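Visitor: just coords:
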């Protein structure tokens, strides 16, 4: 049986809603709505203002959702992380520790989640999302107050993966494309391949920058500038010349206002490429800011890629789009005015794709108990089956654990005999270890391999003291071996003297025989420079650290 899902985008200029009917292995788009935010009331938060506007929209349109999904916009922080394993459980356990040095706020006060971007060899790349608990709680509560409590709270910049298969594009499905949603105050960038997210970022730039530029250039009030932006603002196409001084002023004001956004877009695509992503073959633009005349050809010229407006495919007999929507003139509601973020959310909720859900831990969604009572019989049968299979699994796991215990006991017996001279049980080994090594040496080394590496790096001479090329650096226990080339014997002696300060007092440095090698000119040298003769040497550093 089909149920109704509302994808809700509480923007900073308007509220956008998509109504979706979802059933078994199918979804149908039945409604698209947008309403400017109502005037703010005194003491009202932006969450409450958006929810109040949504309440009027739901009442006027007669919407009766059974499930709601929304997002966090600019409040959410996105970071690209790399892990040396593929297990999602391990990634989830390490996520907060990896995010902590990358964000300013206290991770303990944030809700975090992630989606896997791709896996390359032994590495897994993920897009991590962190949002303040207070902001997530405020948005959930505001929507719950108007009868639209969201079951899913995603991240705005990750809402577009579900649109890839539905969008009309020039690029093949398996090629990377970038969705660019230009809102009032934020622009969301999401690089997608298939239905997987490869890269995402939220940029604090949007249509409001154009409004403020018009206010400044033409000394208008902000409401007048907002109307002028929608009705008269434009960007001249590449090579086009203004026909009047007024047109030139408009073009210059708008062009200057979008320049910071373009700079951030270029930096975002460069960061995606630097992370190892394949080139983006098409940029698909949506959002209120995308309606600015001349913006799409301007973006294509500046970014050097194909840029197209987002449009859904409207095919005859396609069950996805309601016939009423498809019959609208030019199906405009499925193009420039399409609330892409809300649609992506609804689609992801209907058939989960790459998306996060920030309703976790104490903010987890509480299911309707009346619905559970109606499903009590089915749930009881399922629970009984789970108990039976859990018992079978527990029995087999217990047998496996006993075998593993026997193997570990044998390994402990062997290892304790080698270390302590006689076999010991686990408790005795623990007491021996707790007592520390004999001779009074501390049980924890005073200098780790990383400490020694950092010390060696700091003691190396600066670049202006001569050319130095470290060929190999090996740290084993208390011995550090450095193989390198330098310009002169004097430079080698200076390096050896500096290495005597590595680690603890009493460090010894041994120099190997110095040999001459020919170093080819580097790629940065001007043409015609000849190869140079370098001195190859090896230092063996024996630290005195316990």
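Guide: Perfect, thanks for sending it. Small disclaimer: the values here were computed from a predicted structure and weren't measured.

Visitor: which ones are touching the residue positioned nearest the centre of the chain?
Guide: The residue lying closest to the centre of the chain (Cα atoms, centre = their mean) is residue 127, at 2.8 Å. Taking Cβ atoms under 8 Å, 6 or more residues apart in numbering, we find residue 127 in contact with 78, 79, 80, 81, 114, 115, 117, 158, 197, 199, 200. Every C-beta, even on glycine, is put in place using the N, C-alpha and C of the backbone.

Visitor: what strand or helix carries the third one?
Guide: Using DSSP states H and E, the element containing residue 80 is strand 77-83.

Visitor: that strand pairs with which strands?
Guide: strand 123-132 (antiparallel) (DSSP bridges).

Visitor: which residues touch the helix or strand that the partner strand is followed by?
Guide: Following strand 123-132 in sequence order, the next helix or strand is helix 133-145 (DSSP H and E). Residues outside helix 133-145 that contact it (Cβ under 8 Å, 6+ apart) are 8, 10, 45, 47-48, 50-51, 54, 68, 70, 72, 75, 109-111, 149-150, 153, 358-359, 362-363.

Visitor: picking up where we left off before, chain center to the strand holding residue 80: distance?
Guide: With Cα atoms, centre = their mean, to the nearest Å as the basis, strand 77-83 stands 5 Å off its chain's centre.

Visitor: let me know the average pLDDT across it.
Guide: Regarding strand 77-83, the rounded mean pLDDT is 90.

Visitor: immediately after that strand, which helix or strand?
Guide: Using DSSP H and E, the first helix or strand after strand 77-83 is helix 88-99.

Visitor: show me what counts as buried in that following helix.
Guide: Residues 91, 95, 98, 99 are the ones in helix 88-99 that count as buried (16 or more other Cβ atoms under 10 Å).

Visitor: same deal with stretch 398-408?
Guide: Buried, per 16+ other Cβ under 10 Å, within stretch 398-408: nothing.

Visitor: go ahead and confirm residue 21 touches residue 31.
Guide: No - contact between residue 21 and residue 31 fails when scored by Cβ atoms under 8 Å: they sit 9.4 Å apart.

Visitor: which non-adjacent residue is nearest residue 228?
Guide: Nearest non-adjacent residue to residue 228, counting by Cβ to Cβ, 6 or more residues apart in numbering: residue 214, 5.7 Å away.

Visitor: now do the strand holding residue 80: everything it contacts.
Guide: By Cβ under 8 Å, 6+ apart, strand 77-83 touches 90-91, 94-95, 98-99, 102-103, 105, 110, 114, 117, 123-131, 155, 157-158, 199-202, 275.

Visitor: mind checking which of the residues you listed are buried?
Guide: The buried subset of the contacts of strand 77-83 (16+ other Cβ under 10 Å) comprises 91, 95, 98-99, 110, 114, 117, 124-131, 155, 157-158, 199-202.

Visitor: report the buried residues of the helix or strand where residue 5 lies.
Guide: For residue 5, the enclosing helix or strand under DSSP H and E is strand 3-10. Residues of strand 3-10 classed as buried by neighbour count (16+ other Cβ under 10 Å): 4, 5, 6, 7, 8, 9, 10.

Visitor: what residues are recorded as beta-bridge partners of the second one?
Guide: Spelled out, that is residue 5. So, taking DSSP bridges as the rule, residue 5 has residue 20, residue 67 as bridge partners.

Visitor: wait, it sits on residue 66?
Guide: Yes - the pair residue 5 / residue 66 is scored as a contact, 7.3 Å apart, by Cβ under 8 Å.

Visitor: domain parsing of this structure, as residue ranges.
Guide: 377-434, 449-542 (automatic domain parsing).

Visitor: so residue 257 makes contact with residue 213?
Guide: Yes - Residue 257 is within contact range of residue 213, at 3.6 Å (criterion: Cβ under 8 Å).

Visitor: ok, residue 103 touching residue 129?
Guide: No - the pair residue 103 / residue 129 is not scored as a contact, 10.8 Å apart, by Cβ under 8 Å.

Visitor: what about residue 162, distance to residue 20?
Guide: 11 Å (Cβ to Cβ, to the nearest Å).

Visitor: between those two, what contacts are shared?
Guide: With Cβ under 8 Å, 6+ apart as the test, residue 162 and residue 20 both reach 343, 347.

Visitor: the residue nearest to the centre of the chain pairs with what?
Guide: Applying DSSP bridges, one finds that residue 127 bridges with residue 80, residue 115.

Visitor: picking that back up, now the strand holding residue 80: buried residues?
Guide: For strand 77-83, by 16+ other Cβ under 10 Å, it's 77, 78, 79, 80, 81, 83.

Visitor: so what sits opposite residue 486 in the bridge?
Guide: residue 468, residue 535.

Visitor: nearest spatial neighbour of residue 478, skipping sequence neighbours?
Guide: residue 543 (4.8 Å).

Visitor: so that neighbour makes contact with residue 480?
Guide: Yes - with contact defined as Cβ under 8 Å, residue 543 counts as touching residue 480 (7.1 Å).

Visitor: now residue 287: how far from residue 261?
Guide: Separation of residue 287 from residue 261 (Cβ to Cβ): 12 Å.

Visitor: the two: who's more crowded?
Guide: A direct count of neighbours by other Cβ atoms under 10 Å for residue 287 and residue 261 places residue 287 higher, at 26 against 22.

Visitor: quick one: the more buried one and residue 342 touch, right?
Guide: No - between residue 287 and residue 342 there is no contact under Cβ under 8 Å: 11.3 Å.

Visitor: where along the stretch 251-400 of the chain do the strands fall?
Guide: Along the stretch 251-400 of the chain, counting by DSSP state E, counting those that start in this stretch, strands occupy 282-286, 306-309.

Visitor: which strand or helix spans residue 197?
Guide: strand 196-203.

Visitor: list the residues that contact both of residue 287 and residue 261?
Guide: 182, 187, 206.

Visitor: in strands, which of those fall?
Guide: Secondary structure assignment by DSSP state E places 182, 187 of the shared contacts of residue 287 and residue 261 in strands.

Visitor: tell me which of the shared contacts of residue 287 and residue 261 is nearest to residue 471?
Guide: residue 187 (46.3 Å; Cβ to Cβ).

Visitor: coming back round to it: just put the domains of the chain in JSON lines and tack on mean pLDDT and distance to residue 297.
Guide: Formatted as JSON lines, the domains of the chain follow (pLDDT from 0 to 100; distance: least, Cβ to Cβ, whole Å):
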{"stretch": "domain 377-434", "mean pLDDT": "81", "distance to residue 297": "56"}
{"stretch": "domain 449-542", "mean pLDDT": "80", "distance to residue 297": "38"}
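
Visitor: so of those, which one's packed in deepest?
Guide: Comparing these by mean neighbour count (mean count of other Cβ atoms under 10 Å), domain 449-542 ranks first with a mean of 14.

Visitor: looking at the protein, which helix is longest?
Guide: helix 376-420 (DSSP state H).

Visitor: what helices or strands is that helix leaning on?
Guide: Packing partners of helix 376-420 (3 or more Cβ pairs under 8 Å, 6 or more residues apart in numbering; DSSP states H and E): helix 426-434.

Visitor: and the next helix or strand past the helix it packs on?
Guide: With DSSP H and E, the next secondary element past helix 426-434 is helix 449-459.

Visitor: how far does that next one sit from the chain's center?
Guide: That offset, for helix 449-459, works out to 32 Å (Cα atoms, centre = their mean).

Visitor: same check on stretch 468-482?
Guide: 36 Å.

Visitor: any chance you could list what contacts that stretch?
Guide: So stretch 468-482 is contacted by 449, 452-453, 456, 460-461, 483-487, 491, 495, 499, 502-503, 519, 534, 536, 538-545 (Cβ under 8 Å, 6+ apart).

Visitor: what's the answer for stretch 207-225, then?
Guide: 12-13, 182-185, 226, 228-229, 233, 249-250, 252-254, 256-258, 260-261, 288-289, 292.
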